[in-house]
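[1] Sharing a model prediction with you, sequence too.
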Amino acid sequence: MKYDFAVVGGGPAGCIAAGRALEKGDVILFEEHKKQPVHCAGLISVSGFERLEIKKKHFVLNEVKGAKLFSPLGTIVEIRAKEAKAYVVDRSLFDGFLLNSAVSKGVSCESMRVLGIENSVLHTQGGEFKAEKTILATGTDYNLQKACKLDCPDEFLLGAQYEMDVECDRDLVELHFVVPDFFAWIVPLEDKARVGLCTKSNPKPFLDSFVSRLAKQNRVKGSRVQNESYGIIPLYNPKLRTQYGKINLVGDAAGHVKATTGGGVVMGGVAAEYACMEDYERLWRRNIGADLRLHLWIHRFVNRLSPQNLDRLFKITSESRNSLESGGDMDYAQKTVKALFKNPKFTLKFLLNTPSFLLDLL
Ligand SMILES: Cc1cc2nc3c(=O)[nH]c(=O)nc-3n(C[C@H](O)[C@H](O)[C@H](O)COP(=O)(O)OP(=O)(O)OC[C@H]3O[C@@H](n4cnc5c(N)ncnc54)[C@H](O)[C@@H]3O)c2cc1C
């Protein structure tokens, strides 16, 4: 049988892409694992849920109202909205729910690995399948992409995360800018927390040292790490081509990830809505391209600031945190930056510090 669409990968991007493709024809989805592998802090914005038309269900473990950001020199910026801004999900249940939803709408699902694609034929361990168009949503496993000689992301962050009992505010995520290249996070669950970080080198020694620091502050209750996970996060590359005749790339496969937070579920999900369309590349770029670029720019800017200048930026931001509480958005960087620069106090202080910031960029 020849399908109109084949989707490779049953993560969020693949499931959302498959659901949308059903509106245009029949769809087969390949997922090599019975239970999709998970390496994720599970933080997904409430607005992202709305945007992707996903209802809050059993997979939501906690709701957070904002974040507490710690500069390298100890300045704290607390952004706390009145209402929930993000859900903390069990990614395994969340991904399972998205896959079941796609199947219940009519997507055929095969539990096997796709090994290669040639002239609309997908080669798998279980035989050959034909599809008019293929959507590659294979996450950070770039083997199939490389086998098909397609572009892959070329810059990565390496993540490590433990689940453990840590004293924290259940309403706020903590971000500690104390590691090179990125930050360490504490994402509260109901009775424990996800403690993790990313760097460009082996993240485990950094995570162990961060956990020791928390222990010295008497914040670690019990010493048992309940879950250890490791994963990679691709950095968005605006030049990466995602449409190749009959094959489209989406999600982590295409680097649809916010470089500021490493979050890829919402951006990959939004791009996935267009993955079955003729002018896919133009459509996703028009919707999220500028935001992904701005996230990348902010990531690079923050990484190049000295600890002193980063601390200054935290202090300026702290004074204008009301603007972030009312107008900030975890996913849409343009909205957040506009909210900050609409505040004359922030703009003035930022401009006054610009010469010093620029020296760090040189
Ligand atoms: C430490 C860490 C923390 C993170 N925290 C967050 C967070 O808090 N919020 C957030 O939004 N994002 C977070 N992310 C990023 C997020 O996990 C990814 O952006 C997201 O999972 C990408 O979805 P996807 O569908 O593109 O790929 P995936 O979820 O990786 O799914 C790809 C699927 O394809 C399957 N597959 C691969 N190759 C084949 C093949 N050849 N044949 C068949 N099946 C195949 C795999 O088994 C997998 O199930 C985090 C990532 C890491 C590493």
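    Thanks, I have it. Quick caveat, the model's predicted, so the values are computed rather than measured.
[2] Can you name the residues in contact with stretch 201-218?
    158-162, 164, 166-167, 176, 178-180, 184, 195-197, 199, 220, 223, 230 (CB atoms under 8 Å, 6 or more residues apart in numbering). All C-beta spots, glycine's among them, are computed from the backbone N, C-alpha and C.
[3] Among these, name the buried ones.
    158-162, 164, 166, 176, 178-179, 184, 195-197, 199, 220 (16 or more other CB atoms under 10 Å).
[4] near the ligand too, which of these?
    Taking CB under 6 Å from any ligand atom as the test, the ligand is in contact with 159, 161, 196 out of these.
[5] Name the nearest residue to E32, ignoring sequence neighbours.
    Spatially, and ignoring its direct neighbours in sequence, E32 is nearest to R113 (3.8 Å; CB to CB, 6 or more residues apart in numbering).
[6] what pLDDT does that neighbour get?
    pLDDT, R113: 96.
[7] still on that earlier bit, need the max-distance pair from the buried ones among the contacts of stretch 201-218.
    L158 and V220 (23.1 Å; CB to CB).
[8] Please enumerate the strands of the stretch 1-150 of the chain.
    Assigned by DSSP state E, counting those that start in this stretch, the stretch 1-150 of the chain shows strands spanning 2-8, 27-30, 43-45, 60-64, 66-70, 76-80, 86-89, 108-110, 114-118, 121-124, 127-136.
[9] what's the answer for the stretch 201-350 of the chain, then?
    227-234, 243-244, 247-249.
[10] and the longest one, which residues are buried?
    Judged by neighbour count using 16+ other CB under 10 Å, the buried positions of strand 227-234 are 229, 231-234.
[11] which other helices and strands contact the helix-or-strand element of the chain with minimal mean pLDDT?
    When the helices and strands of the chain are scored by mean pLDDT, DSSP states H and E, helix 321-327 comes last with a mean of 86. Counting contacts by 3 or more CB pairs under 8 Å, 6 or more residues apart in numbering; DSSP states H and E, helix 321-327 is packed against strand 76-80, helix 333-341.
[12] now the helices: where do they sit in the stretch 151-300 of the chain?
    203-216, 265-272, 280-284, 290-304 (DSSP state H, counting those that start in this stretch).
[13] gap between the residue lying closest to R241 once chain neighbours are set aside and G116?
    Leaving aside its sequence neighbours, R241 sits nearest to D151 (CB to CB, 6+ apart; 5.1 Å). D151 sits 17 Å away from G116 when distances are taken as CB to CB, to the nearest Å.
[14] again with K342
    51 Å.
[15] just D329 next, same as before
    For D329 relative to G116 (CB to CB), the value is 40 Å.
[16] got it, and A271?
    24 Å.
[17] And these two? Which one has more around it.
    Counting neighbours by other CB atoms under 10 Å for A271 and for G116 shows that A271 has the greater number, 30 against 13.
[18] what's near enough to touch the residue lying closest to the more buried one once chain neighbours are set aside?
    Nearest residue to A271 in three dimensions, chain neighbours excluded: W284, at 4.1 Å (CB to CB, 6+ apart). Taking CB under 8 Å, 6+ apart, we find W284 in contact with 242, 250, 256, 270-271, 274-275.
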